[in-house]
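A.B. asks: Show me the folded form of this:
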Amino acid sequence: MRTARGALQGAPGWTDNKQVTTAVLVAGLAVVLTVQAVLWRRQRRLAGALRRSQNSLRTLVRSSVDPVVILDDALCITFASEAAGELLGLGTAPLAGVRVTDTVHPDDRAALFGALQGGTGESAVRTARVRQPEGRWRLVQITVRDLRGDPDVGALVLHCRDVSPSAPAPGADSELLELALTDPVTGLPNRTALIGRLGLLQRGPRNRSYAMAQIGVSGWDPQTLSPGEEATVLRALTSRLSRGLRAEDWLARGTDGDFVVLVQGTISDAEVVAARLVATIGRLATSTTTVPLTAVAGVGSLTPDVDPGETLRRADLALRSARRSGAGSVHRYDDALRAEQDRRGVLRADLDGALDRGELRLVFQPVVDAVLQRTVSVEALLRWRHPVLGEVSPMEFVPLAEESPLIVDIGRWVLLEACRTAAALDDAELSVAVNVSARQVRSGDLVPDVLAALEDSRLSPARLLVEITESVLLDDAHVIEDLGVLRRIGVRIAVDDFGTGWSSLAYLVGMPVDVLKMDQYFLAGVEHDPSRRAMCRAVLQLGTSLGLPVIVEGVTTPATLALLRDMGHRYLQGFLLSRPLEADALAAGVQLAAGALRGPEVVAP
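C.D. replies: Purely as a prediction, here's the structure:
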């Protein structure tokens, strides 16, 4: 038996079977090892992707000073930072699976839903009201970042910020609250919200530094665009600027089309952010034209010892300095201050001989009667074309002139030139208004200067309107006597910038005043601000009660024009009707200004 088994094992067939079995075992082991290696490498890739995703998520959350919410394609919350629950009015309840639009005011859902479903891969900023457990509404600014195309995130990321007042008045109207803090066109926080934010940062912890960048955009004139196109430009600018922001930056609307960014970091960080934002501004196509946009920026630090108003003034100074340097410029406040001081020194020195060198001239802006639809007067405005610096703003050189006796000589020349220009026109009923400085009035030379100008030009005294500031009426008795003399010979007296000084019935009653000019400050946001509308009506009622016509300055939009006409304001002045006209274009320009009242662009607000 043993001999037979041994013979069998030693046979060639047995050896072949053994080799096959061994080969099969080796091959199977190799397959197992290969599969394990593949699985191990895949596991490493998945673990790496998970770590990258987690790191990306942590970076998103850590880099934002605001609550962060991450949504899936169904707009349901997949992740929310710790502070998000309170902000969204959900407290400590589980947030996963909550549809974010369910927490938003019904009137605000459409705008927010549109931003969330945009699918453009871009950022968008929306402001929405979110209900709180106690029933009140909290105003939240939401920056939507579409990162669904980012392999490390693959989701919609929302950076939320509370922009509501810290203590709303009981029973406050939420609609008015939103209008008070939000720019109606772009959805960004407005200047009121900006000032509140500045105050919070300056009163906050000192372990973080902040800076501010003010972005000025040029190259477009709202008067040449339809209201829809103007809104398109502003929204496109908002989108471009939002894409260039870091997560912790805060964007708001400024004034006159400017934007403001609050930057967490040093002034150098603000310069970097501002330069990136300025570079994003370029040509923009609307439905009818292409707008060649350019931008500049002014930056400055936020310090606890400087109040919000001064902070904004410094940023504006830096912005003006950047504008003088040309498109693409970014200037710091400190550098701008030194440049401003140097510029003031040059202007102060050169202004002394500007009149003799023929560098000063007058332009004239029409005042239109909305009832008779005709131009009834023009205001003489002083301009200076410097041989090196070009056109210098009156806001720069007039205060410099008023610091010295030079303003009396300039005022005398302005009176003479304005009267000559008006007398040369064919319209014998058209009046000319001349601003007179307080120094010229107090000098005692006003009456002789006016008489000399009327005699030289042979202009009827009834066609001259002398504009003074409110404070002049409170000066010495001889000022009132001089103004009384002018009125007795037929010259009319207007109070300029009425409503910004000492306006009251007490000083107006019995004063030598014929006309009130309402300051354009009252028109800022009048279409959306009930308080401004109330003030516009109050000034008109005050003038009516005293029998004084009221001229409204600063009419720049069709909506404002329609609103003022509905209130009953009759005498209007502003860029919508006519820009200041050179003397040689005045005769034709006064007709065009009146025609603007009948133009197709005038629509109801």
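
A.B. asks: Quick check: chain neighbours aside, which residue is closest to the residue nearest to the spatial centre of the chain?
C.D. replies: Centroid-nearest residue in the chain, with CA atoms, centre = their mean: G254, separated by 2.5 Å. Leaving aside its chain neighbours, G254 sits nearest to V260 (4.7 Å; criterion: CB to CB, 6 or more residues apart in numbering). Just so you know, the C-beta spots here come from the backbone N, C-alpha and C atoms, and that holds for glycine as well.

A.B. asks: what helices or strands is whichever helix or strand the one you found is part of leaning on?
C.D. replies: Here V260, judged by DSSP states H and E, is contained in strand 259-264. Counting contacts by 3 or more CB pairs under 8 Å, 6 or more residues apart in numbering; DSSP states H and E, strand 259-264 is packed against helix 191-203, strand 210-218, helix 227-243, strand 250-253, helix 267-280.

A.B. asks: Residues contacting the shortest one, please?
C.D. replies: Pointing back at strand 250-253 there. The contact list for strand 250-253 (CB atoms under 8 Å, 6 or more residues apart in numbering) reads 125, 161, 183, 186, 188-191, 193-194, 197, 238, 241-242, 245, 259-262.

A.B. asks: and stretch 384-402, how far from the chain's centre?
C.D. replies: The chain centre lies 26 Å from the centre of stretch 384-402; the measure is CA atoms, centre = their mean, to the nearest Å.

A.B. asks: Show me the contact partners of it.
C.D. replies: The contact list for stretch 384-402, computed with CB under 8 Å, 6+ apart, reads 343-344, 346-348, 350-351, 354, 357, 359-361, 381-383, 407, 410, 437-439.

A.B. asks: how does it look with 6 Å?
C.D. replies: For stretch 384-402, the external contacting residues (CB atoms under 6 Å, 6 or more residues apart in numbering) are L347, R348, L351, A354, E359, L360, L382, I407, I410, S437.

A.B. asks: can you pull the buried residues of the host helix or strand of A115?
C.D. replies: Using DSSP H and E, A115 sits in helix 106-116. Under the neighbour-count criterion of 16 or more other CB atoms under 10 Å, helix 106-116 has D108, R109, L112, A115, L116 buried.

A.B. asks: and what of stretch 451-466?
C.D. replies: A453, L454, S457, L459, S460, P461, R463, L464, L465, V466.

A.B. asks: so the fourth one touches A423, yeah?
C.D. replies: Looking back up the chat, that one is L459. Yes: with contacts counted by CB atoms under 6 Å, L459 reaches A423, the gap being 4.3 Å.

A.B. asks: Do I have it right that the residue nearest to G254 meets G216?
C.D. replies: No: V260 sits out of contact with G216 when judged by CB under 6 Å, with a separation of 10.3 Å.

A.B. asks: pLDDT below threshold where in the stretch 401-550 of the chain?
C.D. replies: Scanning the stretch 401-550 of the chain for pLDDT under 70 picks out 474-476, 499-507.

A.B. asks: quick one: the strands in it?
C.D. replies: Counting by DSSP state E, counting those that start in this stretch, the stretch 401-550 of the chain has strands at residues 431-435, 464-469, 492-498, 515-518, 550-552.

A.B. asks: got TSV for those strands, with distance to S393 too?
C.D. replies: Shown next, in TSV, are these (distance: least, CB to CB, whole Å):
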stretch	distance to S393
strand 431-435	15
strand 464-469	19
strand 492-498	17
strand 515-518	20
strand 550-552	22
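
A.B. asks: right, and those - which one's nearest T290?
C.D. replies: strand 550-552 (33.9 Å; CB to CB).

A.B. asks: Partner strands of the closest one, with direction?
C.D. replies: In the sheet, strand 550-552 lines up against strand 515-518 (parallel), strand 571-572 (parallel) (DSSP bridges).

A.B. asks: Other residues contacting it?
C.D. replies: Under the criterion CB under 6 Å, 6+ apart, residues V367, L516, K517, M518, L540, G543, L564, H569, Y571, L572 lie in contact with strand 550-552.

A.B. asks: What residues sit buried inside that strand?
C.D. replies: Buried residues in strand 550-552, counted by 16+ other CB under 10 Å: V550, I551, V552.

A.B. asks: Run the chain-centre distance for that strand.
C.D. replies: 26 Å.

A.B. asks: what do you get for stretch 554-561?
C.D. replies: 18 Å.

A.B. asks: What of stretch 547-562?
C.D. replies: In terms of CA atoms, centre = their mean, the centre of stretch 547-562 is set 22 Å apart from its chain centre.

A.B. asks: Start and end of it, how far apart?
C.D. replies: End-to-end distance for stretch 547-562: 24 Å, by CA to CA, to the nearest Å.

A.B. asks: Which of the helices and strands packed on strand 259-264 sits closest to V371?
C.D. replies: So among these, helix 227-243 is nearest, using CB to CB, at 25.1 Å.

A.B. asks: For V513, what are phi and psi?
C.D. replies: Per-residue torsions, V513: phi -130, psi 140 (degrees, to the nearest 10).

A.B. asks: close enough to count as contact, it and D496?
C.D. replies: No: V513 lies out of contact with D496 (CB under 6 Å); the separation is 11.0 Å.

A.B. asks: State whether T288 is indeed within a helix.
C.D. replies: No: T288 sits outside any helix when classified using DSSP: H, G, I helix; E, B strand; the rest coil, being coil.

A.B. asks: For burial, what's the neighbour tally of the nearest residue to it once chain neighbours are set aside?
C.D. replies: Nearest non-adjacent residue to T288, counting by CB to CB, 6+ apart: E229, 6.7 Å away. If you count neighbours by other CB atoms under 10 Å, E229 ends up with 17.

A.B. asks: how close does E229 get to T290?
C.D. replies: Counting by CB to CB, to the nearest Å, the gap from E229 to T290 is 11 Å.

A.B. asks: next one: stretch 98-117 to chain centre, how far?
C.D. replies: Counting by CA atoms, centre = their mean, stretch 98-117 comes out at 26 Å from the chain centroid.

A.B. asks: tell me how far the ends of it are from each other?
C.D. replies: Distance across stretch 98-117, first residue to last, is 17 Å (CA to CA).

A.B. asks: now stretch 351-359
C.D. replies: Counting by CA to CA, you get 9 Å between the two ends of stretch 351-359.

A.B. asks: what comes up buried for it?
C.D. replies: Residues of stretch 351-359 classed as buried: L351, A354, L355, E359 (neighbour count, 16+ other CB under 10 Å).

A.B. asks: Am I right that the second one is in a strand?
C.D. replies: This points to A354. No: using three-state DSSP, the assignment for A354 is coil, not a strand.

A.B. asks: what about L523, neighbour count?
C.D. replies: For L523, the tally of surrounding residues (other CB under 10 Å) stands at 24.
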